[in-house]
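> Dropping a prediction and its sequence here:
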Amino acid sequence: MRRMAAGANRTGLIIIGLLCLLAGLAALAISFGLAESVIPGLSSDKDLKPVAEVVGLQFSALIAIVAAVILAVIAVRWLAAQVPRKDSAKPLRMQQDARTGITTVTANVIAAAVADDLEATPEVVDAQVILRGTARAPELMVHVDVDERADIDAVVADISNRVTRNCSQALGSRLSAVGLELGIARTHQRKQRSVQL
Amino acid sequence: MSAKLLRARPARVVPAVIVAILILALAVGLGWVGIAAILASNGAMDSALTGGVPGLDGIGSQQWGSPVIITIGIALALVGLILVIAAVSPGHKRLTGYRAETPDHIDRFEVALPTSALSNLAAAAADSVDGVSSVRAASNATSTNITFTTPVRDNAQIRNDVDSAVTERFASIAFDRTPTVKVHAQRRPA
């Protein structure tokens, strides 16, 4: 339903993972004396003076602050990207010719109407709808919670033949894509069925 | 083939949040050390990092072969490997495909049930069998494990009934691949 930053997460993890892996392997290679054949003199009994000299250089404090700001911006943007996005459609422009008047509909209005229409199906307990795309190529993302004893095939047929058709007629165009996720709402049967005598 | 409408694989939010927080912590640490170094030298912009944190000089006396460096190297390599595996492996599928006919007013129609829906369906079907006192169900995209408790000692018949109830329930739904069902019974005296 809502979009997550799956691509960004996996790309970010691969970059950070490879950097950590390479840094770790390089440190181990030097520590076990394997790097000596590549860089002569870099044996395991050498100290880390060349590394320490970097932090002793002039302007290194300023460079550290700049690096800290860049890293902080990357980290905050990455964290902010984790908030699931609805990515609803921009207000739909329904008019043929703007000179004769403008008709716009916000995506949430259509989504709420479709959700109400879905809940008219008796087996549907709860419905969430997101409308994406444009007025000419609308996409519907639907999540419905269905009663545990409902006939799933009948619910899907009702949604595909009635609800989405109503939506398509209301928008005046074919739906370019419909994604339907079916959840099952558990009801406590025994409590419902028990009768006090 | 265009991307699926419904996301079936995990988005790796938890490792991403952990790594992002670690990067943020690193940034705060680095910034703090840098500012401390500049303040220590009375605001001189060309000051070195070692001015702020005296301990930084100690890095130079470490040897590459020392246990500390080897431990850090192993830890870094392991963390890197775990992150790369988390990024590359697709992860568990959380959706089971459903075979739906695409009506003529829709170009692309995708229907799927999350694994939690499979578990709930199976638990509801098992709950309707006589003799069952409680049910737990766990599912992945292709199979469902049901564990029910019953006070009955000889529960082979109930197990068969639960198995057929759940299998029938699944068979009545047009899955791409009908999930397999495994039933375990636990006797618990009432």
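That came in fine, so what should we check first?
> and B:A165, how many neighbours?
Neighbour count of B:A165, defined by other C-beta atoms under 10 Å in any protein chain shown: 21. All C-beta atoms are positioned from the backbone trio N, CA, C, and that covers glycine.
> Please verify my assumption that it contacts B:A126.
Yes. B:A165 is within contact range of B:A126, at 6.2 Å (criterion: C-beta atoms under 8 Å).
> Do any residues in stretch A:115-131 lie close to chain B?
No. Stretch A:115-131 lies apart from chain B when judged by C-beta under 8 Å from any C-beta of the partner chain; the minimum separation is 11.0 Å.
> just stretch A:39-56 next, same as before
Yes. Contact of stretch A:39-56 with chain B (C-beta under 8 Å from any C-beta) involves A:42-49, A:51-53, A:55-56.
> tell me the phi and psi of B:Q62?
For B:Q62, the backbone dihedrals (degrees, to the nearest 10) come out as phi -70, psi 150.
> scratch that, A:A127 is what I was asking about
phi -140, psi 140.
> my guess is it meets A:L140, correct?
No. The pair A:A127 / A:L140 is not scored as a contact, 11.2 Å apart, by C-beta under 8 Å.
> anything in contact with each of these two?
Residues touching both A:A127 and A:L140 (C-beta atoms under 8 Å, 6 or more residues apart in numbering or on different chains) are A:V114.
> Among the two, which residue is more densely surrounded?
A:L140 (27 against 21).
> Which residues are in contact with the more buried one?
The contact partners of A:L140, taken as C-beta under 8 Å, 6+ apart, are A:114, A:129-132, A:164, A:167, A:175, A:177-179.
> quick check, the lengthiest helix in chain B touching chain A?
Counting by DSSP state H, the longest helix found in chain B is helix B:13-40. Yes. Counting by C-beta under 8 Å from any C-beta, chain A is contacted by helix B:13-40 at B:13, B:15-17, B:19-21, B:23-24, B:26-31, B:33-35, B:37-38.
> care to break the chain down by domain?
Using chain A. For chain A, automatic domain parsing gives the domain ranges A:6-80, A:92-192.
> if you could check chain B rather than the one you did, that'd help
Split by automatic domain parsing, chain B gives B:13-88, B:111-187.
> Now the longest one: average pLDDT?
Going back to what we said before, that points to domain B:111-187. The pLDDT scores in domain B:111-187 average 93.
> Can you give me the end-to-end span of it?
This stretch, domain B:111-187, spans 38 Å end to end (C-alpha to C-alpha, to the nearest Å).
> Name the residue most distant from the centre of chain B?
No residue in chain B has its C-alpha farther from the mean C-alpha position than B:N42, which lies at 49.9 Å (C-alpha atoms, centre = their mean).
> Look at it and report its pLDDT.
On the pLDDT scale, B:N42 gets 80.
> repeat for the one 4 residues further on
Per-residue confidence at B:D46 stands at 77 (pLDDT).
> Number of residues surrounding it?
B:D46 has 12 neighbours, counted by other C-beta under 10 Å.
> go on, B:A37?
Counted with other C-beta under 10 Å, B:A37 comes out at 24.
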